[in-house]
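J.: with the input below, show me the fold.
(chains A and B)
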Amino acid sequence: SAVISQKPSRDICQRGTSLTIQCQVDSQVTMMFWYRQQPGQSLTLIATANQGSEATYESGFVIDKFPISRPNLTFSTLTVSNMSPEDSSIYLCSVGFSGQAKEAFFGQGTRLTVV
Amino acid sequence: RKEVEQDPGPFNVPEGATVAFNCTYSNSASQSFFWYRQDCRKEPKLLMSVYSSGNEDGRFTAQLNRASQYISLLIRDSKLSDSATYLCVVIFFSGGYQKVTFGTGTKLQVIP
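T.: Numbers count the residues shown, from 1 in each chain, chains lettered A, B, ... in the order given. Model (predicted):
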């Protein structure tokens, strides 16, 4: 299993600014995932962050808007850049394990409101 | 076609009722399947894994049908506390690559 600490848990930001969300895992993991969950919707994968390589972005998401860092096997950040009210959402980090598909573990989420 | 599809509901059922959800997936090479529960304003949490042989945990039974590419969740004797959104999760992996795909979720409301 994995325990994931995500912060901030919530924030209210001005449009045009950027917010960096941090995700800390209590064990080393190969893959980390960043999701967005808009109000009333399910989770949408933004990107996969692998240590030692660039993040892989899903269709509709670009690095300029959502830059990701993955400096080591226990930590990742997601930045939401140049925010607009449409970015208001919950952002969740998640971890998976290499070798075999295991259950997904989630951080507590960051509730972002852009005003 | 979406990779993972669920009926969004809501399913409004009385206490004590039995309710079933289905979820279909498009990637026949998918290897792992789960049901997650998400309460309002909370992160998803694992409810149970899904196996071809079926998996039962108390009032909950999950089943995988690989031939038809769907998984199911059956809840017996529904409780008020079962009210939540139930997410179907399908995982595909190949080598060092893993992709987790969520269904849109099925909302369950158990009413007194």
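
J.: up against chain A, what does chain B have?
T.: By the rule CB under 8 Å from any CB of the partner chain, the part of chain B lying against chain A is B:31-32, B:34, B:36, B:41-46, B:49, B:87, B:89, B:91-93, B:96, B:98-105. Where you see a C-beta, it was placed from the backbone N, CA and C, and this is true even at glycine.

J.: what distance do you get for the nearest residue to B:Trp35 once chain neighbours are set aside to A:Phe33?
T.: Among residues not flanking B:Trp35 along the chain, B:Leu47 sits closest, at 4.4 Å (CB to CB, 6 or more residues apart in numbering or on different chains). Applying CB to CB, to the nearest Å, the value for B:Leu47 to A:Phe33 is 19 Å.

J.: neighbour count winner among the two?
T.: A:Phe33 (25 against 20; other CB atoms under 10 Å in any protein chain shown).

J.: that one bridge partners, please.
T.: A:Thr48, A:Ser94 (DSSP bridges).

J.: which residues touch it?
T.: A:45, A:47-49, A:93-96, A:104, B:100 (CB atoms under 8 Å, 6 or more residues apart in numbering or on different chains).

J.: where is pLDDT lowest across those?
T.: Within the set of those, pLDDT is lowest for A:Gly96 (69).

J.: please list all residues in contact with the residue nearest to B:Trp35.
T.: B:Leu47 touches B:34-37, B:60, B:73, B:86, counting by CB under 8 Å, 6+ apart.

J.: with A:Thr20 instead?
T.: Per CB under 8 Å, 6+ apart, neighbours of A:Thr20: A:77-79.

J.: what sits up against the helix or strand of chain A with the lowest mean pLDDT?
T.: When the helices and strands of chain A are scored by mean pLDDT, DSSP states H and E, strand A:105-106 comes last with a mean of 86. Outside strand A:105-106, the residues that touch it by CB under 8 Å, 6+ apart are A:1-4, A:92-95, B:43-45.

J.: do that again at 7 Å, thanks
T.: The list of residues contacting strand A:105-106 from outside it, by CB atoms under 7 Å, 6 or more residues apart in numbering or on different chains, reads A:1-2, A:4, A:92, A:94-95, B:43-44.

J.: then stretch B:65-74?
T.: Residues outside stretch B:65-74 that contact it (CB under 7 Å, 6+ apart): B:18, B:20-25, B:28, B:33, B:35, B:50, B:52, B:60-64, B:86, B:88.

J.: parallel or antiparallel, which strands does the helix or strand containing the residue nearest to B:Trp35 pair with?
T.: Using DSSP states H and E, B:Leu47 sits within strand B:45-49. Strand B:45-49 has its sheet partners listed here by DSSP bridges as strand B:32-38 (antiparallel).
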